[in-house]
Each structure stands twice: as C-alpha cells, then as structure tokens.
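Enquirer: give me the fold of what follows.
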Amino acid sequence: MRLAPSEIDAIKTAARAAFGDAVVVRLFGSRVHDRLKGGDVDLHFEVSGDRPAFEQQCRFLDLVEGPLDGRKVDTLFSVRGFRPEPFEAIAYRDGVVL
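Expert: Prediction:
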C-alpha cells in the first residue's frame, strides 16, 4: 500500500470527523499496489444511514488536503445494508480497509 502511516491516520481521523464513528474507509485503485507509481488516492466510504451531504464531503477533503500534500482524492460512498452498484462492488472486492 502506497500511503504512509501518518496519511492513513489522517484519512481515518478526517473520515470519522466528517462522516461519524461508524464509517469504514477502504483504499482501492492503484495506491493499493506497491509496484505501481503515481496515481490519485481512491477512497471508498461505507456509511450508515444516508449518503453524506456535499458539505460533509467537502469537510473531509479540507481535513485531508494538508496531510496528503494536496494529492488528488477521489471518493466513493456506499450505504451499509444496500446492494452496491458495480463500481462500489469493485471497491469492496479489491479495497483495503484502513
């Protein structure tokens, strides 16, 4: 996994602050693989209740911008208990829980 421990901690802390303590965060995409280079940070969030409001998503991005050195972050949300869409299923299958 191509994230430093401090980056993982920052992501988890920001996710809890923005989406609540029950959030599950997964890293998926190219950063899961140590042998690859570059790439943005693809994060999948599994939340309880409703999908997060736009303001919550912006709060998360604001909180991780500094610790991730302004790296591009893509976010994907799934609501616990609902059938995942095809792209969400990929994140569940290939993602690594942080």
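
Enquirer: for the most centrally placed residue in the chain, which non-adjacent residue is spatially closest?
Expert: Here the mean C-alpha position of the chain is nearest to the C-alpha of L43 (C-alpha atoms, centre = their mean), at a distance of 2.6 Å. Of all residues beyond its chain neighbours, the one nearest L43 is T75 (5.4 Å), with distances taken as C-beta to C-beta, 6 or more residues apart in numbering. Bear in mind the C-beta positions are built from the backbone N, C-alpha and C, glycine included.

Enquirer: the one you found contacts F45, correct?
Expert: Yes - counting by C-beta atoms under 8 Å, T75 sits close enough to F45 to count as a contact (6.5 Å).

Enquirer: looking at the two, which one has more neighbours?
Expert: Summary of the neighbour comparison: T75 and F45, criterion other C-beta atoms under 10 Å, with F45 having more neighbours (21 against 15).

Enquirer: can you give me how far the longest helix along the chain is from the chain middle?
Expert: Ranked by number of residues, the top helix in the chain under DSSP state H is helix 5-19. For helix 5-19, the distance between its averaged C-alpha position and the chain's averaged C-alpha position is 9 Å (C-alpha atoms, centre = their mean, to the nearest Å).

Enquirer: do you know how far Q56 is from G49?
Expert: Remark: distance between Q56 and G49 (C-beta to C-beta, to the nearest Å) = 11 Å.

Enquirer: neighbour count: these two, which is higher?
Expert: For the pair Q56 and G49, the greater number of neighbours falls to Q56 (16 against 11), based on other C-beta under 10 Å.

Enquirer: and that one, that one's in a strand?
Expert: No - Q56 is assigned helix when assessed by DSSP: H, G, I helix; E, B strand; the rest coil, not a strand.

Enquirer: quick one, what contacts it?
Expert: Applying C-beta atoms under 8 Å, 6 or more residues apart in numbering to Q56 gives the contacts A18, F19.
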